[in-house]
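Peer 1: dropping the sequence and predicted coords here.
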Amino acid sequence: MISIVVCTKNRRPALGRCIESIIDLCDDGHEVVVVDNSVAPDPEMVACWGGQVRYVWEARPGSGFARGAGVRCSQGEFIAMTDDDCVVDQDWIRWLTLGFRDEGVMCCTGHVAALELETPAQMILETHCSYSKGRAPKVFGGPAGAYACLIPQEVGTGANMAFRRSAFDRVGTFDGALGAGTPAAGGEELDIFSRILRAGGKIAYEPRAVVRHAHPRDYGQLRHTFFNYGTGYNAFMLKLILTTREMSAFKAAYGRTLFWYRWTKRSLRCRLRGMPHMPLDLQAAYLLGSIYGPIGYARSVERARRLVAGGYGMGEDTRWWSAQNGGDAPPHPGRTETSAPTVGSRIVAGCTLLAGRPDTTSSSIMPWHASRTAPNGKARGGIIRRMRGSLRGQFLEIYSRISSSLPGGFALPPLQVIFELTHRCNLSCTMCFIYREIHQKQAPWTRNELTQEEITAAIKQFPRTTRFTFTGGEPFARRDIMGVLKAARESHRCGVGTNGTLLDETRCREIVDLGIDFVQVSLDGPEEVHDLVRGSRGAFRRTVQAIERIQELKVSRKLRRPWLYVNCTITSANVHTLDRVVEIADQLGVEYVTLQVVSSAVDNSGVLVDDELEEKINARLKLEALDVGELARQVSRIEQLKGRVGPKVSFQGRMSASEVLAYYEGTLDLAEERCIFPWVNAWISPYGQMFPCFGYAVGQLKESKSMAVWNSERFRKFRIRLREKGTFPGCLGCCHMRRHGGW
């Protein structure tokens with residue numbers, strides 16, 4: 001029996017086309033296994049094929065994990081694999097199995113043709129970077145395969161390959177740190193090819209085994225594809241160098257660099273002669289991807305290490321559930337039995353759910369489409385922004401590790417300061433702790449805000465490398481807000497967070513004139529939902545008008561900044577409209593969308609802290625009831641939107657989608673997490689207090705200089721204690737928590 005494995009994620013139409021082409025091949029007793037790598041299981045995607053298709057859900061993101069799940073859950077002696085955007089020929093299986101007539105062949109690959117050539121992007125890919133490996137059968141392996149094991153893309157591609165089951169027993173399964181859906185962006189098939197060849201096995205190439213691949217129709221998608229090619233290949237090469245430590249691997253890496261140089265030179269020569277040539281921007285995309293590849297691999301390895309912690313091995317199935325005779329689905333990872341959703345009759349015969357440990361980080365690499373345009377007609381997203389965000393994340397990681405390694409609780413200067421200018425606000429948001437704790441209770445410390453002169457003096461005492469985010473309350477409730485922003489902009493990078501309702505035409509023009517880096521605007525849903533959450537009729541209209549005014553000014557002046565962020569806090573009032581927030585943000589042309597969780601930390605601010613730090617900081621409180629099932633549907637919808645909208649969409653604090661679900665279920669465990677905020681960030685209240693954490697002030701800027709408070713005895717004592725304890729219960733809901741860094 002042959003098992004045919006197809007991995008998919010949020011591509012139902014393409015999957016349907018692929019399965020329809022495969023289903024006719026299963027008359028001989030072969031099985032079809034669909035591995036769903038989406039955020040939440042959806043067995044209904046294969047229900048129309050009844051018991052002919054087995055369904056597997058792999059929660060850990062990445063095609064390496066997904067392919068490994070398919071191998072573990074399949075039953076055939078041979079395992080064939082193709083992608084969900086492919087269509088197989090009628091004789092595909094027959095020709096693939098013919099490649100195994102030599103007992104020494106452990107893998108067989110086939111020819112990949114274009115499904116259609118209707119757009120310029122598809123023509124370019126087929127002309128300059130075809131998946132085809134020729135029309136003649138080949139066998140790689142033995143002494144003659146030494147080159148192939150280092151340059152395995154000559155062997156075949158992951159869209160058309162088959163393996164003996166014994167091959168995985170010999171060399172192991174796919175590496176979860178490689179593949180699409182990881183920071184490495186690819187390379188899992190190159191890795192398995194290389195391991196087979198280095199183990200002495202053979203790989204056959206059978207050109208008569210044909211699948212037809214749907215090339216990207218859009219030029220922006222094509223650029224994205226070339227970037228991922230460069231990333232995936234160099235991620236694989238770094239792994240090869242680190243695991244083999246052979247000079248031949250270094251030579252292969254050098255040879256690939258030389259190949260790229262010659263490729264570029266040949267393209268330039270063709271361009272000068274008027275001959276068909278590879279567009280320079282595609283070569284640049286590949287080069288940038290190649291540069292990012294080692295960084296992506298390092299991040300991917302770290303993420304995979306966290307995913308397999310606690311018994312979830314990359315090559316082993318530690319928790320999977322079969323529903324061949326019907327029954328309910330297993331609990332979502334992290335859910336208790338009582339909170340597990342049941343789908344009952346939705347589980348079709350032959351359906352399997354594989355519940356690997358959910359991802360504990362959010363990939364910092366988001367899907368992008370360079371073809372998406374802002375109102376000024378310029379591309380939004382794209383390679384440069386993606387590279388900038390990824391490199392910024394790497395710098396933060398390195399900086400935090402250096403800062404947290406200093407003895408005695410000392411730290412390097414902060415990279416960012418969150419400066420609350422006031423607790424005053426013109427709205428009464430339902431989820432706002434400031435409104436509940438200050439305005440309703442009339443706390444005595446709502447007075448004596450820092451003056452503009454005191455704020456300016458505090459800013460000047462921080463090094464120029466520190467970036468400021470001014471927030472509130474509503475910062476534009478202060479009459480001197482523009483003076484504060486101007487003083488900060490003279491020496492530092494800065495931005496402002498606002499509800500947007502006080503930004504009239506004059507204020508918007510002043511913001512753009514100042515040249516600040518970003519404006520964060522809160523948006524909770526469509527008009528009726530936003531106004532309800534904000535407690536003010538017309539709030540949505542005024543907020544949208546502010547965004548539109550800033551966009552118009554940027555377009556008219558041909559400016560890229562200020563970057564526009566939309567922040568949305570997930571509550572019971574707007575959980576059913578989160579996807580609309582993303583769509584509205586896309587229509588408005590903003591650059592970033594951040595979905596935030598309701599903070600439980602601030603609700604108990606300061607009540608469980610003593611000078612010796614013996615008590616837990618901010619004991620976690622119970623969150624409001626929220627429809628987690630609806631949240632799961634919204635999260636799944638947002639994951640689908642990510643690849644089709646312009647803004648970069650993410651969850652706060654590097655949380656993954658599955659972590660957000662677990663957070664609102666009350667099952668998210670932070671025992672293994674580390675917070676780096678006190679080593680790289682500071683939070684200053686409107687009254688001059690500096691905080692490393694909600695409820696624990698370490699100094700007063702009215703009495704001491706900013707940097708003196710930053711490394712004061714009380715602050716250092718807090719860092720030492722935090723290092724010893726890891727995280728406190730209240731850390732779970734802290735919107736400033738920066739995780740996975742530090743010591």
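Peer 2: Yep, that arrived. Numbers count the residues shown, from 1 in each chain.

Peer 1: quick one, helices of the stretch 601-743 of the chain?
Peer 2: With DSSP state H, counting those that start in this stretch as the criterion, the stretch 601-743 of the chain has helices at 628-641, 657-665, 677-680, 706-710, 713-725.

Peer 1: and the third one, what other elements does it pack with?
Peer 2: The reference is to helix 677-680. helix 383-404, helix 713-725 (3 or more C-beta pairs under 8 Å, 6 or more residues apart in numbering; DSSP states H and E). Where C-beta positions appear, they are placed from N, C-alpha and C, glycine not excepted.

Peer 1: and that helix, how far from the chain's centre?
Peer 2: Remark: helix 677-680 is offset 22 Å from the chain centroid, using C-alpha atoms, centre = their mean, to the nearest Å.

Peer 1: averaged pLDDT, it. What do you get?
Peer 2: The pLDDT scores in helix 677-680 average 88.

Peer 1: with just CA atoms, put that helix into PDB.
Peer 2: The C-alpha trace of helix 677-680 is given here as PDB (Å, rounded to 0.1, in the frame of the first residue of the first chain):
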ATOM      1  CA  PHE A 677      11.200  44.100  30.000                       C
ATOM      2  CA  PRO A 678      13.100  45.300  33.100                       C
ATOM      3  CA  TRP A 679      16.400  44.900  31.200                       C
ATOM      4  CA  VAL A 680      15.400  46.800  28.000                       C
END
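
Peer 1: Ser704: how many residues sit nearby?
Peer 2: Ser704 has 15 neighbouring residues, counting by other C-beta atoms under 10 Å.

Peer 1: likewise the one 10 residues further on?
Peer 2: As a burial measure, Arg714 scores 16 neighbours (other C-beta under 10 Å).

Peer 1: report the contact partners of it.
Peer 2: Applying C-beta atoms under 8 Å, 6 or more residues apart in numbering to Arg714 gives the contacts Val698, Gly699.

Peer 1: quick one: it from Leu722, how far?
Peer 2: 13 Å (C-beta to C-beta, to the nearest Å).

Peer 1: now do the SS call for the residue nearest to Gly472 when sequence neighbours are not counted.
Peer 2: Spatially, and ignoring its direct neighbours in sequence, Gly472 is nearest to Thr422 (5.1 Å; C-beta to C-beta, 6 or more residues apart in numbering). Assigned state for Thr422: coil (three-state reduction, DSSP: H, G, I helix; E, B strand; the rest coil).

Peer 1: that older thread, pick out the shakiest of the helices and strands packed on helix 677-680, pLDDT-wise.
Peer 2: When the helices and strands packed on helix 677-680 are ranked by mean pLDDT, helix 383-404 comes last with a mean of 66.

Peer 1: deepest of the helices of the stretch 601-743 of the chain, which one?
Peer 2: When neighbours are counted by mean count of other C-beta atoms under 10 Å, the highest per-stretch mean among the helices of the stretch 601-743 of the chain falls to helix 677-680, a mean of 26.

Peer 1: pull the longest strand along the chain out as PDB, backbone CA atoms only.
Peer 2: Longest strand in the chain, counting residues (DSSP state E): strand 202-213. Presented in PDB, the C-alpha positions along strand 202-213 are these (Å, rounded to 0.1, in the frame of the first residue of the first chain):
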ATOM      1  CA  LYS A 202      20.100   6.500  -3.400                       C
ATOM      2  CA  ILE A 203      17.600   9.000  -4.700                       C
ATOM      3  CA  ALA A 204      16.000   8.300  -8.100                       C
ATOM      4  CA  TYR A 205      14.500  11.000 -10.400                       C
ATOM      5  CA  GLU A 206      11.700   9.700 -12.600                       C
ATOM      6  CA  PRO A 207      10.500  12.500 -15.000                       C
ATOM      7  CA  ARG A 208       7.400  10.500 -16.100                       C
ATOM      8  CA  ALA A 209       6.000  10.900 -12.600                       C
ATOM      9  CA  VAL A 210       4.400  14.400 -13.200                       C
ATOM     10  CA  VAL A 211       2.600  16.800 -10.900                       C
ATOM     11  CA  ARG A 212       1.500  20.300 -12.000                       C
ATOM     12  CA  HIS A 213       2.200  23.200  -9.700                       C
END
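
Peer 1: re earlier: looking at the helices of the stretch 601-743 of the chain, which is nearest to Ala488?
Peer 2: Closest approach to Ala488 among the helices of the stretch 601-743 of the chain is made by helix 706-710 (12.9 Å; C-beta to C-beta).

Peer 1: same for that closest one, what does it pack against?
Peer 2: Packed next to helix 706-710, using 3+ C-beta pairs under 8 Å, 6+ apart, are strand 689-691, strand 699-700.

Peer 1: and it, how far out from the chain middle?
Peer 2: With C-alpha atoms, centre = their mean, you get 34 Å for helix 706-710.

Peer 1: which residues touch it?
Peer 2: Contacts for helix 706-710 (C-beta under 8 Å, 6+ apart): 411, 413-414, 458, 461-462, 682, 690, 698-701, 715.

Peer 1: nearest to Val529 among those residues?
Peer 2: Distance to Val529, by C-beta to C-beta, is smallest for Ala682 among these, at 34.0 Å.

Peer 1: residue contacts, that closest one?
Peer 2: By C-beta under 8 Å, 6+ apart, the contact list for Ala682 reads Pro414, Gln416, Val417, Ile418, Met690, Phe691, Pro692, Trp710.

Peer 1: run through the bridge partners of the residue lying closest to the first one once chain neighbours are set aside.
Peer 2: Think Pro414. Using C-beta to C-beta, 6+ apart and skipping the chain neighbours, the partner closest in space to Pro414 is Ala682 (4.8 Å). Counting by DSSP bridges, Ala682 forms beta bridges with Val417.
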